[in-house]
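Novice: Sharing a model that was predicted from the sequence below.
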Protein chains: 2
Amino acid sequence: MSPDDNTPAIPGPTFTGVTLDRAEGARHDPDEIAKLLEDPGAVTVAATEEGVVIEDNGRPALARRLVVQGGSAALDRRAPILLGIEDGSPLFAVDLEALDPEARATEIDGASIVSLRDAGAVLPHSEAGLAAYLTALLNWHRRHRFCANCGAPTNVADGGFSRKCPNCGASHFPRTDPVVIMVVEHDGRLLLGRRPGWPQGRYSVLAGFVAPGETLEEAVVREVREESGIDVYDPRYVASQPWPFPSSLMLGFTSFADGGEPKARDGELEDVRWFALDQVRAAARSDDGELRLPPPVSIARFLIDGWLERMG
Amino acid sequence: MSPDDNTPAIPGPTFTGVTLDRAEGARHDPDEIAKLLEDPGAVTVAATEEGVVIEDNGRPALARRLVVQGGSAALDRRAPILLGIEDGSPLFAVDLEALDPEARATEIDGASIVSLRDAGAVLPHSEAGLAAYLTALLNWHRRHRFCANCGAPTNVADGGFSRKCPNCGASHFPRTDPVVIMVVEHDGRLLLGRRPGWPQGRYSVLAGFVAPGETLEEAVVREVREESGIDVYDPRYVASQPWPFPSSLMLGFTSFADGGEPKARDGELEDVRWFALDQVRAAARSDDGELRLPPPVSIARFLIDGWLERMG
């Protein structure tokens, strides 16, 4: 799905396959984190709200800067965000949003900001996974500076894996919002829907957030019913993909329906319908037809490709 | 696993099998919600921080009160929390924490507060699922009264499925924190760990929160390595279970290891070791032995029972 020189431990969609050690042991001890910051091999990787900072020295990668050589001006040494240990070197995350535009430009110097979606298409597999991890963690810190329990400003803790409220004592952890996304199959046809604003001809598999107090399987059945009026059965988990836009975890399923006429019902989709195998197959071969499938970077496409393969 | 007169749509562990319609179509329209409140069949179910309010008129169930007959004094009619439509009747959630102790006692009158864990053991399957849904949603509202983005107090919106910030405009949605929990098997033995403070002899399968930017499968591998030093492969998803203590979604896996000597490493477990099939089988039959398994209400036990069944 993307250029891949590394064999991931577990093969999967784009944005999977992070290989670094998340340093669970060290991150709860401020002294350990301070020691890691002084490590001569410690490096930073950076992002803005628009995307991740990428360099291309023959092979595209996240731009890594040595902390001892200045690292990034935006690295807060009192409350650093530790991503983990990569091949023995501590790896810290830097949010360039903390800088004014001029300082940000100086900081990026020679590299470029690439949206995470585009980064997923050009980076090697495990590097795209790291970009997703970096983005997910910084997104969360950006939008969770205050305590949801009492409203007070919170502080980075645990090397960036939590925020702590100095007022009420509450700890807050990064959000990961589970989303089910599912192939719905009936008699060699695939149920696809279209959201308002999508590129012309684009249809994709249905998806939706898991609600409080339900299982993944219940979410699959409920979402398809809500979005199309179709009843599905036998939901089966296939694969997952972090999707930090801003903090989702996509959980891919297959399922079956006994047919029926789908109807966009809850206002999320502007159209939903069955597509014949031939139509979907043609769309997978060429992006110029009437039906256009989601891009390879998405688990949606991974699921559709998997369905096509299964259908032979 | 629990008394069950209803056949759930999808068989699963306790706290699954909610059968009501979550009313996705109505909950975004305040006029629709107001209309549902006036429905003569509209009922409330209630909970406190300690548990859910249960009645036993021959068959234990959540205590349902007609809204038109006073419903609950704690029902905020300006910002009601709509659980959904149950057999044609609107069902609202009430948090008795809003009342002073005396009013709360009056309100509970004739029913009892039962902890969600205990409720899971006595309620019919789908009713336990509803109790989990009620608890999950109220837990979230209780701990998220303020905007994490700007610190201002937020308001209930979408019939309780979101909170909206009147200051910065941010919308906030209920958290569902994905947790992986896994059978780790090697040569007919099962890897179990023990947390400090657990009842004597209690061991269970390992578990941990999914981190930002990782797949479920990556989380399985990382958690087992962090908690025991054991490397696992071939993680396979089995089942999921809402676990609103306060807001987890348990994602059950099986996996395999090539053996090795487990060692509690990250401070979460006080012991972790391999247990022989015979030991686990004896513990499943009787709770009086040296090894004690987690209670039937948990997906941990569901996974262990599944492993025993597979081992024959």
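Specialist: On my side now, so go ahead. Everything numeric here is computed off the predicted structure, so don't read it as measured data. Numbering: from 1, shown residues only, chains lettered A, B, ... in the order given.
Novice: The one helix or strand in chain A whose mean pLDDT sits lowest: which residues count as buried?
Specialist: Lowest on mean pLDDT, DSSP states H and E among the helices and strands of chain A sits helix A:101-108, with a mean of 88. Within helix A:101-108, the residues scored as buried using 16 or more other C-beta atoms under 10 Å in any protein chain shown are A:104, A:107-108. Using the backbone N, CA and C atoms, a C-beta is placed for each residue, glycine as well.
Novice: Contact partners for the residue in the stretch 201-312 of chain A that chain B sits nearest to?
Specialist: For the stretch 201-312 of chain A and chain B, the shortest gap (C-beta to the nearest C-beta) falls at A:G213, measuring 2.8 Å. Neighbour list for A:G213: B:15, B:18, B:129-130, B:132-137, B:242, B:244 [criterion: C-beta atoms under 8 Å, 6 or more residues apart in numbering or on different chains].
Novice: Most neighbours out of these, which is it?
Specialist: Compared across the contacts of A:G213, B:F15 has the highest neighbour count, 32 neighbours, by other C-beta atoms under 10 Å in any protein chain shown.
Novice: center of chain A - which residue?
Specialist: In chain A, the centroid-proximal residue (C-alpha atoms, centre = their mean) is A:W243; its distance is 2.1 Å.
Novice: ok, back up a step: sort out which of the contacts of A:G213 are in helices and list them.
Specialist: With helices taken from DSSP state H, the overlap with those comprises B:129-130, B:132-137.
Novice: Same list (the residues you listed) but as JSON lines, adding pLDDT and distance to chain A.
Specialist: Listed next are these as JSON lines, based on pLDDT from 0 to 100; distance: C-beta to the nearest C-beta, whole Å:
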{"residue": "B:G129", "pLDDT": "90", "distance to chain A": "7"}
{"residue": "B:L130", "pLDDT": "93", "distance to chain A": "8"}
{"residue": "B:A132", "pLDDT": "91", "distance to chain A": "5"}
{"residue": "B:Y133", "pLDDT": "93", "distance to chain A": "3"}
{"residue": "B:L134", "pLDDT": "95", "distance to chain A": "7"}
{"residue": "B:T135", "pLDDT": "94", "distance to chain A": "7"}
{"residue": "B:A136", "pLDDT": "92", "distance to chain A": "4"}
{"residue": "B:L137", "pLDDT": "94", "distance to chain A": "5"}
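Novice: Using a markdown table, lay out those together with distance to B:G51.
Specialist: Below are those laid out as a markdown table (distance: C-beta to C-beta, whole Å):
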| residue | distance to B:G51 |
| --- | --- |
| B:G129 | 16 |
| B:L130 | 14 |
| B:A132 | 12 |
| B:Y133 | 14 |
| B:L134 | 10 |
| B:T135 | 8 |
| B:A136 | 13 |
| B:L137 | 15 |
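Novice: of the residues you listed, closest to A:A119?
Specialist: B:A136 (34.5 Å; C-beta to C-beta).
Novice: I figured A:N155 hits A:K164, correct?
Specialist: Yes - using C-beta atoms under 8 Å, A:N155 makes contact with A:K164 at a distance of 5.5 Å.
Novice: Contact partners for A:S204?
Specialist: Taking C-beta under 8 Å, 6+ apart, we find A:S204 in contact with A:192-194, A:293-294, A:298, A:300, A:304.
Novice: what's stretch A:266-280 in contact with?
Specialist: Here stretch A:266-280 makes contact (C-beta under 8 Å, 6+ apart) with A:186, A:188-196, A:203, A:206, A:208, A:226-228, A:262-264, A:290-291, A:293, A:304, A:307-308, A:311, B:24-25, B:28.
Novice: among those, which ones are buried?
Specialist: Buried among those by 16+ other C-beta under 10 Å: A:186, A:189-194, A:203, A:206, A:208, A:226-228, A:262, A:264, A:291, A:293, A:304, A:307-308, B:24, B:28.
Novice: In strands only, show me the residues you listed.
Specialist: A:186, A:189-194, A:206, A:208 (DSSP state E).
Novice: Kindly state the beta-bridge partners for A:V45.
Specialist: In this structure, A:V45 bridges to A:A93 when assessed by DSSP bridges.
Novice: And the helices in chain A?
Specialist: In chain A, the helices defined using DSSP H lie at A:30-38, A:101-108, A:116-122, A:125-143, A:216-228, A:277-285, A:299-311.
Novice: Lowest mean pLDDT across those, which one is that?
Specialist: Least confident of those, judged by mean pLDDT, is helix A:101-108 with a mean of 88.
Novice: contacts for that one?
Specialist: So helix A:101-108 is contacted by A:46, A:48, A:53, A:63, A:72-74, A:96, A:99 (C-beta under 8 Å, 6+ apart).
Novice: In this model A:H172 seems to touch A:S162, though I could be wrong.
Specialist: Yes - between A:S162 and A:H172 there is a contact under C-beta under 8 Å: 6.3 Å.
Novice: Which of those two has more residues huddled nearby?
Specialist: More neighbours surround A:H172 than the other of A:S162 and A:H172, with 20 against 16 (other C-beta under 10 Å).
Novice: Let me know the pLDDT of that one.
Specialist: 96.
Novice: contacting residues for the closest residue to chain B within the stretch 1-150 of chain A?
Specialist: Using C-beta to the nearest C-beta, A:Y133 is the residue of the stretch 1-150 of chain A that sits closest to chain B, at 2.8 Å. Residues in contact with A:Y133 (C-beta under 8 Å, 6+ apart) are A:18, A:83, A:242, B:211-214.
Novice: Please repeat the previous calculation with a cut-off of 7 Å.
Specialist: A:18, A:83, B:212-213 (C-beta atoms under 7 Å, 6 or more residues apart in numbering or on different chains).
Novice: Nearest to A:L36, out of these: which one, please.
Specialist: Set against A:L36, the nearest of the contacts of A:Y133 by C-beta to C-beta is A:L83 (10.8 Å).
Novice: For burial, what's the neighbour tally of A:D187?
Specialist: Using other C-beta under 10 Å, A:D187 has 11 neighbouring residues.
Novice: just A:H144 next, same as before
Specialist: Residues near A:H144, counting by other C-beta under 10 Å: 20.
Novice: residues contacting the spatially closest residue to it that is not a sequence neighbour?
Specialist: In space, and not counting its chain neighbours, A:H144 is closest to B:A148: 4.3 Å by C-beta to C-beta, 6 or more residues apart in numbering or on different chains. When contacts are counted by C-beta under 7 Å, 6+ apart, B:A148 touches A:143-144, A:146, A:148, B:172.
Novice: wait, A:F146 sits on A:T154?
Specialist: Yes - counting by C-beta atoms under 7 Å, A:F146 does reach A:T154; the two are 6.4 Å apart.
Novice: Next one: A:D39 from B:V205, what distance?
Specialist: Counting by C-beta to C-beta, to the nearest Å, the separation of A:D39 from B:V205 is 36 Å.
Novice: Compare those two (neighbour count), which wins?
Specialist: Per other C-beta under 10 Å, whichever of A:D39 and B:V205 has more neighbours is B:V205, with 25 against 15.
Novice: now the closest residue in space to the more buried one that isn't next to it in sequence: how far from chain A?
Specialist: Leaving out its chain neighbours, the residue that sits closest to B:V205 by C-beta to C-beta, 6+ apart is B:A300, at 5.2 Å. Counting by C-beta to the nearest C-beta, to the nearest Å, the gap from B:A300 to chain A is 15 Å.
Novice: May I ask you to confirm that B:A300 is in contact with B:L206?
Specialist: No - with contact defined as C-beta under 7 Å, B:A300 does not count as touching B:L206 (9.4 Å).
Novice: Determine how far the last residue of stretch A:200-213 lies from the first.
Specialist: 37 Å (C-alpha to C-alpha, to the nearest Å).
Novice: Between the helices of chain A, which one is closest to A:L91.
Specialist: A:L91 lies closest to helix A:125-143 among the helices of chain A, at 8.2 Å (C-beta to C-beta).
Novice: Can you tell me which one of the contacts of helix A:101-108 sits lowest on pLDDT?
Specialist: Ranking these by pLDDT, A:S72 lands last with 81.
Novice: Many thanks, we can stop here.
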